[in-house]
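In: here is a sequence together with a model predicted from it:
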Amino acid sequence: MDKNRKFKNLKIDWTNLLIIRDDLLGDFSYSFENTPYDYLEYAKEDFSSLTTRGFINAITNAKRSIDCQIDSIIIALGYELKTFDENRYVKEFINENYETQDEVNGVTNKLKLIRILNIAPVFLISKIRYLRNYVEHEYLIPTKEDTRESIEVAELFLHSSMRQFNTTVPCLTFGSNHKYSYDEEKNSFELDNLYSPHIQFSIEPIDGLSEISLIDDGSYVTTYMKDGEEVSTCGYYKASETIRLEKDSSEYLIALQIFFTENYRKLPELLGNKMDSKFMKWVTY
């Protein structure tokens, strides 16, 4: 984080962290006239004809379904399709974080970002890459088996990527000034108090915005847990400082990575702390 955007009075023991997770991101909406599910349905209808023409059209529509979902994800992450490929922050982030070097050829930056954020698993990225090459570069007559697999890959990608969005937690409250008791037999927290100073960290990807707020006015978060179920949460929040991370920044991409991959070892880096993250210790729920 830029030195001018750090919190001045942040006092957190990163080896004794309590992270409270709240809310779910939910499904994203589609902004195109045809949705990925429309193209998937077209592919299934084409396949049902069991003709060469039907197989060719089915694979083409399966690819369109995937491409439409990829573009919809990029929009849902806060980016504009027209400028995404030229975004220097995205390019730098991908160069630093995309590790599967043997799959670089044929994988677009959109797919690489989706992979880094764990929105789609590695094997699906490989299948999508193969399907793209098959449709765009090879004038082959697809077999029934190849066509069926392309439809299955498209359907799996749609469901798995939407599920990842749906289950991502977009709000974290964390700090080291806390008290809690834990029942190992019940595998549950009995009482958690997170006192200030602590951090509230949230993201609204569709708006391309993340906010980090420092709470240091004596307010606290109390969550009572019984048999692993949250009973109630109460607290009073008044931020003394708030930092806004917008999509045209490297910090916003780190924020996306933290929320989608639950890689909380990135938190010190985001807040400008140069500690070795391997020494971090935390409890989450």
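Out: Structure's in. What do you need? Numbers count the residues shown, from 1 in each chain.
In: skipping adjacent residues, who's closest to residue 18 in space?
Out: Computed as Cβ to Cβ, 6 or more residues apart in numbering, the closest residue to residue 18 that is not its neighbour in sequence is residue 178, at 4.3 Å. In short, each C-beta sits where N, CA and C put it, glycine included.
In: so which elements touch the helix or strand that residue 200 is a member of?
Out: For residue 200, the host element (DSSP states H and E) is strand 198-204. Packing partners of strand 198-204 (3 or more Cβ pairs under 8 Å, 6 or more residues apart in numbering; DSSP states H and E): strand 171-175, strand 209-215, helix 250-261.
In: go again with 10 Å.
Out: If contacts are counted by 3 or more Cβ pairs under 10 Å, 6 or more residues apart in numbering; DSSP states H and E, strand 198-204 sits against strand 17-22, strand 171-175, strand 209-215, strand 220-226, strand 239-246, helix 250-261, helix 267-270.
In: wait, which of these is closest to residue 58?
Out: Among these, helix 250-261 comes nearest to residue 58, with 31.2 Å by Cβ to Cβ.
In: may I have that closest one exported as CSV, CA atoms only?
Out: This file holds the C-alpha atoms of helix 250-261, laid out as CSV (Å, rounded to 0.1, in the frame of the first residue of the first chain):
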residue,chain,number,x,y,z
SER,A,250,-2.8,-2.9,-7.3
GLU,A,251,-4.3,-2.9,-3.7
TYR,A,252,-7.8,-3.6,-5.1
LEU,A,253,-6.5,-6.8,-6.8
ILE,A,254,-4.9,-7.9,-3.5
ALA,A,255,-8.2,-7.3,-1.8
LEU,A,256,-10.0,-9.5,-4.4
GLN,A,257,-7.4,-12.2,-3.8
ILE,A,258,-7.9,-12.1,0.0
PHE,A,259,-11.7,-12.4,-0.2
PHE,A,260,-12.0,-14.9,-3.0
THR,A,261,-9.1,-17.2,-1.9
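In: list the buried ones in that helix?
Out: Applying a neighbour-count criterion of 16 or more other Cβ atoms under 10 Å, one finds 250, 251, 252, 253, 254, 255, 256, 257, 258, 259, 260 buried in helix 250-261.
In: leaving out chain neighbours, which residue sits closest to the fifth one?
Out: The spatial neighbour of residue 254 that comes closest, neighbours along the chain excluded (Cβ to Cβ, 6+ apart), is residue 270 at 5.1 Å.
In: for the record, mean pLDDT for the helix or strand harbouring residue 65?
Out: In this assignment (DSSP H and E), residue 65 forms part of helix 52-76. For helix 52-76, mean pLDDT rounds to 93.
In: just stretch 134-144 next, same as before
Out: Rounded mean pLDDT across stretch 134-144 is 76.
In: now do it: distance from first to last residue.
Out: One end of stretch 134-144 to the other measures 14 Å (Cα to Cα, to the nearest Å).
In: same thing with stretch 97-117?
Out: Stretch 97-117 end-to-end distance (Cα to Cα) = 10 Å.
In: now for the most centrally placed residue in the chain: which residues touch it?
Out: The structure's the chain has its C-alpha centroid closest to residue 260; by Cα atoms, centre = their mean the separation is 2.7 Å. Contact analysis of residue 260 by Cβ atoms under 10 Å, 6 or more residues apart in numbering lists 25, 77, 114, 116-119, 164-165, 168-170, 203, 205.
In: give me the pLDDT for it.
Out: Looking at residue 260, its pLDDT is 96.
In: mind checking how far it is from residue 36?
Out: From residue 260 over to residue 36 the distance is 19 Å, taken as Cβ to Cβ, to the nearest Å.
In: and for residue 127?
Out: Using Cβ to Cβ, we find residue 127 at a distance of 16 Å from residue 36.
In: ok, those two, which is more surrounded?
Out: Using other Cβ atoms under 10 Å as the criterion, residue 127 and residue 36 rank with residue 36 on top: 25 against 20.
In: point out where the stretch 51-200 of the chain drops to low pLDDT.
Out: Residue ranges of the stretch 51-200 of the chain with pLDDT under 70: 100-106, 132, 135-138, 180-184, 186-193, 195.
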